[in-house]
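1. Pasting a predicted model and its sequence here:
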Amino acid sequence: MNDPHPPALRGRCIAVTGASRGIGQAVARRLAAAGAHVLAGARNRSADVPGGIEQVTLDVADEASVNTYAGRASALGADGVVCNAGVGSFAPIEQATVDEYRRIMDTNLLGTMLVARAFIPLFRERHARGLVSRFVCVTSDVSARTFAGGALYTASKHAQRALVQTLAHEGQACGLLVTEIRPGMTDTHFNGRTPGDPDRAAHLQADDVAAAVVHVLAAPPHVRIDELVLHPAVQPVVYP
Ligand SMILES: NC(=O)c1ccc[n+]([C@@H]2O[C@H](COP(=O)([O-])OP(=O)(O)OC[C@H]3O[C@@H](n4cnc5c(N)ncnc54)[C@H](OP(=O)(O)O)[C@@H]3O)[C@@H](O)[C@H]2O)c1
């Protein structure tokens, strides 16, 4: 899983959503370094983007924006999508607002549905040519558990997991291999944080999660990886 340049990625095209920073940016950089062409979608652009990364303005909560993005991916012959864009929200239910509910659900759930729906025709067309495609979704370790203060975020991630598992069933008809990546605490910009805080030194790094994503994308076409769960070693063990 730690090979930074898997040869299986050279010349391929992968779409990565939420690629302007954090986990998505780390995935994009790993893929580009391995010789893939990356369609990096986000609302904002990153500075100092290496060759091989094509930045595209994308709002996953906007149907037209997602369809334009998928159209570009289709024109490039993308063989995989990393559905990673996501936002957090943590507060007691008593303080939850309708606006915050919509922001979380529109990005994490509707965004995943729109991206999956927009890419299915491309996957079907590839399947008709005997090719498999990959859909890798970064959900969370909380896609199957919850905690006080986590209602909106964990509900969105439970629902995202259900959508991804449904896609895995339906995707069998079009050669689609679906993987859920479930990271624990990761030191990124997530929820308004700034990476590098000393109190998060023991958390996963964005590149740890990116290595898992790239491992899945580089797997041979006869291998389906349904789910990967990653935690920092210091995080308490909680199942599932
Ligand atoms: N950090 C953690 O502890 C952790 C743990 C488990 C799972 N995750 C999941 O990992 C994924 C990536 O999060 P991260 O930790 O890397 O956070 P991050 O550093 O805040 O990055 C989030 C990315 O999502 C993009 N994004 C947000 N809303 C978007 C939208 N409407 N359309 C397109 N892109 C959008 C952001 O770009 P723009 O703002 O430029 O659009 C950014 O590139 C999320 O799904 C998150 O739920 C994170």
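-> The structure has been received and is ready for your questions.
2. And the helices in this protein?
-> Taking DSSP state H, the helices of the chain run over residues 22-33, 63-76, 98-105, 111-128, 151-171, 206-217.
3. among these, which is the most enclosed?
-> helix 22-33 (a mean of 26; mean count of other C-beta atoms under 10 Å). Just so you know, the C-beta spots here come from the backbone N, C-alpha and C atoms, and that holds for glycine as well.
4. if you look at it, does any of it touch the ligand?
-> Yes. Helix 22-33 reaches the ligand (C-beta under 6 Å from any ligand atom) through 22, 23, 24.
5. who does that helix touch, helix- and strand-wise?
-> strand 13-17, strand 37-42, strand 53-57, helix 206-217 (3 or more C-beta pairs under 8 Å, 6 or more residues apart in numbering; DSSP states H and E).
6. Residues of this structure that sit close to the ligand?
-> Going by C-beta under 6 Å from any ligand atom, the residues of the chain near the ligand are 17-24, 42-44, 58-61, 84-87, 107, 111, 138, 140, 183, 185-186, 188-190, 206.
7. In ChimeraX, select just the buried ones from the residues you listed.
-> In ChimeraX, this line selects whichever of the residues of the chain next to the ligand come out buried by 16 or more other C-beta atoms under 10 Å:
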select :17,18,19,20,21,22,23,24,42,58,59,60,61,84,85,86,87,107,111,138,140,183,185,186,188,190,206
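8. If we ignore the residues flanking it in sequence, what's nearest residue 223?
-> residue 177 (8.0 Å; C-beta to C-beta, 6 or more residues apart in numbering).
9. hey, what's that neighbour bridged with?
-> Here residue 177 sits in beta bridges with residue 134, as judged by DSSP bridges.
10. now stretch 206-214: mean pLDDT?
-> The pLDDT scores in stretch 206-214 average 98.
11. could I have it exported to PDB, CA atoms only?
-> Extracted in PDB, the C-alpha atoms of stretch 206-214 (Å, rounded to 0.1, in the frame of the first residue of the first chain):
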ATOM      1  CA  ALA A 206      -4.000  13.300   4.400                       C
ATOM      2  CA  ASP A 207      -1.300  11.400   2.600                       C
ATOM      3  CA  ASP A 208      -2.000   8.200   4.700                       C
ATOM      4  CA  VAL A 209      -5.600   8.200   3.400                       C
ATOM      5  CA  ALA A 210      -4.400   9.100  -0.100                       C
ATOM      6  CA  ALA A 211      -2.100   6.000  -0.100                       C
ATOM      7  CA  ALA A 212      -5.200   3.800   0.700                       C
ATOM      8  CA  VAL A 213      -7.200   5.400  -2.100                       C
ATOM      9  CA  VAL A 214      -4.300   4.900  -4.600                       C
END
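12. For the helices of the chain, give me TSV that also has distance to residue 226.
-> Below are the helices of the chain laid out as TSV (distance: least, C-beta to C-beta, whole Å):
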stretch	distance to residue 226
helix 22-33	19
helix 63-76	23
helix 98-105	24
helix 111-128	16
helix 151-171	7
helix 206-217	10
